[in-house]
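Undergrad: Got a predicted structure plus its sequence, pasted below:
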Amino acid sequence: MKVVILCGGMGTRLKEETEFRPKPMVQIGNKPILWHIMKIYAHYGFKDFVICLGYKGNMIKEYFLNYEMMNNDFTIQLGDHKNVQVHGDHTENDWNVTLAYTGEESQTGTRVKKIEKYIDDDTFMMTYGDGVSDINIKKLLEFHESHGKIGTLTGVHPSSRYGEFTMDGNQILSYNEKPQTKEGLINGGFFVFNKKFFDYLSYDEDCILEREPLEKLAEDGELMLYDNDENFWQCVDTYRELEVMNSLWKKGNAPWKIWE
């Protein structure tokens, strides 16, 4: 089953980083956010990826083209570029990655429509290139298969952008730097779709996935919610959020690291 990852946006709210690289290539630890997302899916056995490229997409192509060399020691005979001996191994050996350019200015729905030709199965999964979670992908897929509708959207509680605390008068009793709010659910990505969903999309560059396609799917009674309430979720939208994620990773306290 294919996993589609949207990686074409400009990430303007994280301009400190995205001026130089596409947002999915911004690093948590010493790995791109995109790698972390792929590791989540691969942990559950889903290792066939379609990456939708746009803004600075060549950097993502170069990352995967050079993946073996950048993640292993190697010996090269100068003057013979074909004579390269790679030493060592990594745990991503069986990943299959399709890198598809979907347009510099395309909206999210357009990007998904443009990769329809790479989807062979009746069902595919999809997410954004800037959000991680400790979501159980197999349970998500089981839920999707149980209801028989075209689409499943994962609902999450977003983290607060501000520290949250409890008080007794003027005394702070507890403080939580990045709590998950408990009021309302938002679209956290981690979708599952039947191929029929492509009929709701168009090649028009202004086709925004989160507007008419999902709205129409809901109106038709074909969109279900998978509640990820009890799990961690965070998108990296601002530099402050990136700092928090890197801090969690550095401390060995990254909830989304479900792989060994």
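TA: Received the coordinates, thanks. As the structure is a computational prediction, the values presented were derived from the model and not from experiment. Numbering: from 1, shown residues only.
Undergrad: Please pull out the lowest mean pLDDT helix or strand from the chain.
TA: Within the chain, no helix or strand scores below strand 171-176, which has a mean of 46 by mean pLDDT, DSSP states H and E.
Undergrad: what's the next helix or strand after that one in contact with?
TA: Next helix or strand after strand 171-176 toward the C-terminus (DSSP states H and E): strand 186-187. Applying C-beta atoms under 8 Å, 6 or more residues apart in numbering, the contact partners of strand 186-187 are Leu153, Thr154, Gly155, Val156, His157, Pro158, Glu210. Where you see a C-beta, it was placed from the backbone N, CA and C, and this is true even at glycine.
Undergrad: Isn't the fourth one up against Ser133?
TA: Okay, so that is Val156. Yes - under the criterion of C-beta atoms under 8 Å, Val156 makes contact with Ser133 at 7.1 Å.
Undergrad: what's the burial count for Gln77?
TA: Neighbours of Gln77 under the rule other C-beta atoms under 10 Å: 10.
Undergrad: List phi and psi for it.
TA: Per-residue torsions, Gln77: phi -90, psi 110 (degrees, to the nearest 10).
Undergrad: go on, Val3?
TA: When read as degrees, to the nearest 10, the backbone of Val3 gives phi -120, psi 110.
Undergrad: Kindly state the beta-bridge partners for it.
TA: Here Val3 sits in beta bridges with Phe49, Met125, going by DSSP bridges.
Undergrad: hang on, it packs against Gly129?
TA: No - with contacts counted by C-beta under 8 Å, Val3 stays clear of Gly129, the gap being 11.5 Å.
Undergrad: Looking only at neighbour counts, state which of those two leads.
TA: Counted by other C-beta under 10 Å, Val3 and Gly129 do not tie: Gly129 has more neighbours, with 27 against 23.
Undergrad: Now do that one against Trp35, distance only.
TA: 11 Å (C-beta to C-beta, to the nearest Å).
Undergrad: With Glu205 instead?
TA: To Trp35, Glu205 is 28 Å away according to C-beta to C-beta.
Undergrad: Leaving out sequence neighbours, find the closest residue to Asp229.
TA: His157 (6.3 Å; C-beta to C-beta, 6 or more residues apart in numbering).
Undergrad: how deep is that neighbour tucked in, by neighbour count?
TA: If you count neighbours by other C-beta under 10 Å, His157 ends up with 21.
Undergrad: Quick check, it in contact with Trp233.
TA: Yes - counting by C-beta under 8 Å, His157 does reach Trp233; the two are 7.4 Å apart.
Undergrad: Which residue ranges of the stretch 51-200 of the chain form helices?
TA: Using DSSP state H, counting those that start in this stretch, the helices of the stretch 51-200 of the chain run over 57-65, 67-70, 108-114, 137-147.
Undergrad: Which elements pack onto the third one?
TA: Read it as helix 108-114. With contacts taken as 3 or more C-beta pairs under 8 Å, 6 or more residues apart in numbering; DSSP states H and E, helix 108-114 sits against strand 2-7, strand 48-53.
Undergrad: and of those strands, who's closest to Val97?
TA: Evaluated over those, closeness to Val97 peaks at strand 48-53, with 4.9 Å, by C-beta to C-beta.
Undergrad: Can you check what angle separates the closest one from strand 2-7?
TA: If you take axes from the mean of the first three to the mean of the last three C-alpha atoms, to 10 degrees, strand 48-53 sits at 20 degrees to strand 2-7.
Undergrad: Please save the CA atoms from strand 48-53 in CSV.
TA: Taking C-alpha atoms only, strand 48-53 is exported to CSV below (Å, rounded to 0.1, in the frame of the first residue of the first chain):
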residue,chain,number,x,y,z
ASP,A,48,6.3,2.2,-0.3
PHE,A,49,6.3,6.0,-0.5
VAL,A,50,5.2,8.6,-3.0
ILE,A,51,6.7,12.1,-2.2
CYS,A,52,4.8,15.0,-3.7
LEU,A,53,7.5,17.7,-4.5
